[in-house]
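sequence? don't have it. structure:
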Ligand code: UT7
């Protein structure tokens, strides 16, 4: 019997209906479509509107689609893992809420926070459950409602983010396809370059923390950009090298969608052409943990059995990582 290899067997996703365009942002802050497009590649993003609607609302829709597309009985799901930095509450976890709402009554569930690298972190965690031999069907979802922590008066950051959720079903396989290799890294050198400072145990919420804007996303964009290019391109190149892959062997790069210039730099380093790069930043902006599965969701029809994919991400922390997988359907 061959080794158990975790494979992706289905993809599900959801983005809210409301489209926030660059033109609408021009009305809100001192910015313009040309700056946003050339500096980031973003044209529009989706926003979850409505009172009391959290990240779980989107993740439930993605999970239900996943179950429906794959014809899976929710009772057969062994684990629901959700990568998010915008959970509905500190506790219970978003995964707990989502699993119950989707009818996954036999599943363990927990959230993972690794910011923009969260989906790769969670997928590798789910993969290890499958490799153990004790778990057969795991849903891994990346979901973030970034609009909930975005300051729409700060032009440096409010143009970047959108809301969305998407995920995959992983199962064991013995045919050699599936997740082949993963590299995950972290370094808290980024602690004060990109963060949400308030609300945790260091700065619990007070009137002062609210007045000081500590509950909103903050980043030093230029500094983060430099680390992002070096780390994301570096880790993608490293996983290719150790698996003896050249640009021509790759069907698609599936990159975190933070900035088109970071994506281009990664593709250049990997020596893959633009036609092999999954890109939807122009439509969704940066949805943090959801960007990579939303790419898989958008490009699912184009993928063929045996295709070599490289996933790569970089984000807050810092965290970064890459994954090499062979598409299974
Ligand atoms: O996803 C997790 C990890 N995050 C990332 O990977 C993001 C990495 N960083 C970036 O993508 C880029 O740094 C940004 C897109 C955030 C910013 O682009 P940039 O080329 O680094 O611009 P900048 O922050 O250096 O700003 C350049 C100029 C500044 O004006 P001055 O000081 O040169 O006069 C800004 O004030 O552009 C100005 N600016 C804007 N102008 C129009 C900043 N934001 C805007 C805006 N519209 N929205």
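Structure's in. What do you need? Not measured: the values here are computed from a predicted model. Numbers count the residues shown, from 1 in each chain.

quick check: residues of the stretch 151-300 of the chain near the ligand?
155-156, 159, 221-222, 224-225, 228, 258-259, 262, 286 (CB under 6 Å from any ligand atom). All C-beta spots, glycine's among them, are computed from the backbone N, C-alpha and C.

tabulate the residues you listed (TSV), appending distance to residue 139, neighbour count and pLDDT.
What follows is those, written out as TSV (distance: CB to CB, whole Å; neighbours: other CB atoms under 10 Å; pLDDT from 0 to 100):
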residue	distance to residue 139	neighbour count	pLDDT
155	37	15	97
156	35	15	96
159	32	26	98
221	33	17	96
222	37	9	96
224	30	20	97
225	33	18	97
228	28	27	97
258	25	29	98
259	29	21	98
262	28	25	98
286	23	24	98
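
for residue 193, see how far away the most centrally placed residue in the chain is.
Nearest residue to the geometric centre of the chain (CA atoms, centre = their mean): residue 289, 2.6 Å. Here the distance between residue 289 and residue 193 works out to 19 Å (CB to CB, to the nearest Å).

mind listing the strands for this protein?
Remark: strands assigned in the chain by DSSP state E are 5-14, 18-21, 44-47, 79-83, 108-112, 138-145, 163-173, 178-186, 194-195, 218-219, 252-255, 308-315, 319-326.

comparing these, which comes out most buried?
A comparison of those by mean neighbour count, using mean count of other CB atoms under 10 Å, puts strand 138-145 on top with a mean of 32.

so is that strand next to the ligand?
No: figure legend: strand 138-145 not in contact with the ligand (CB under 6 Å from any ligand atom); closest approach 10.6 Å.

tell me the angle that strand makes with strand 163-173.
Using axes from the mean of the first three to the mean of the last three CA atoms, to 10 degrees, one finds that strand 138-145 and strand 163-173 are set 170 degrees apart in direction.

show me what the top helix by length along the chain is packed up against.
Assignment by DSSP state H gives helix 221-242 as the longest helix of the chain. Identification of packing neighbours for helix 221-242 by 3 or more CB pairs under 8 Å, 6 or more residues apart in numbering; DSSP states H and E yields strand 178-186, strand 252-255, helix 260-270, strand 308-315, strand 319-326.

how does it look with 10 Å?
Packing partners of helix 221-242 (3 or more CB pairs under 10 Å, 6 or more residues apart in numbering; DSSP states H and E): helix 33-40, helix 155-158, strand 178-186, strand 194-195, strand 252-255, helix 260-270, strand 308-315, strand 319-326.

now mean pLDDT too, for the strands of the chain, in CSV please.
Shown next, in CSV, are the strands of the chain (pLDDT from 0 to 100):
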stretch, mean pLDDT
strand 5-14, 98
strand 18-21, 98
strand 44-47, 98
strand 79-83, 98
strand 108-112, 98
strand 138-145, 98
strand 163-173, 98
strand 178-186, 98
strand 194-195, 95
strand 218-219, 95
strand 252-255, 98
strand 308-315, 98
strand 319-326, 98
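
among these, which is nearest residue 279?
Residue 279 lies closest to strand 252-255 among the strands of the chain, at 8.1 Å (CB to CB).

which strands or helices does that closest one pack on?
Using 3+ CB pairs under 10 Å, 6+ apart: strand 252-255 touches helix 221-242, helix 260-270, helix 291-299, strand 308-315, strand 319-326.

measure the closest residue to residue 66 other than its chain neighbours to residue 60 for me?
Residue nearest to residue 66 in three dimensions, not counting chain neighbours: residue 12, with 3.2 Å by CB to CB, 6 or more residues apart in numbering. Per CB to CB, residue 12 is found 10 Å from residue 60.

could you do residue 15 as well?
According to CB to CB, residue 15 and residue 60 sit 14 Å apart.

and if you look at residue 183?
31 Å.

likewise residue 261?
Counting by CB to CB, the gap from residue 261 to residue 60 is 34 Å.

specify which residue of those two has the higher count of neighbours.
Between residue 261 and residue 60, residue 60 has the larger neighbour count (other CB atoms under 10 Å), namely 21 against 15.

pretty sure the more buried one is touching residue 139, no?
No: in this structure, residue 60 is not within contact of residue 139 by CB atoms under 10 Å, at 11.0 Å.

can you list residues touching both of these two?
Contact criterion CB atoms under 10 Å, 6 or more residues apart in numbering; residues shared by residue 60 and residue 139: 98-99, 102.
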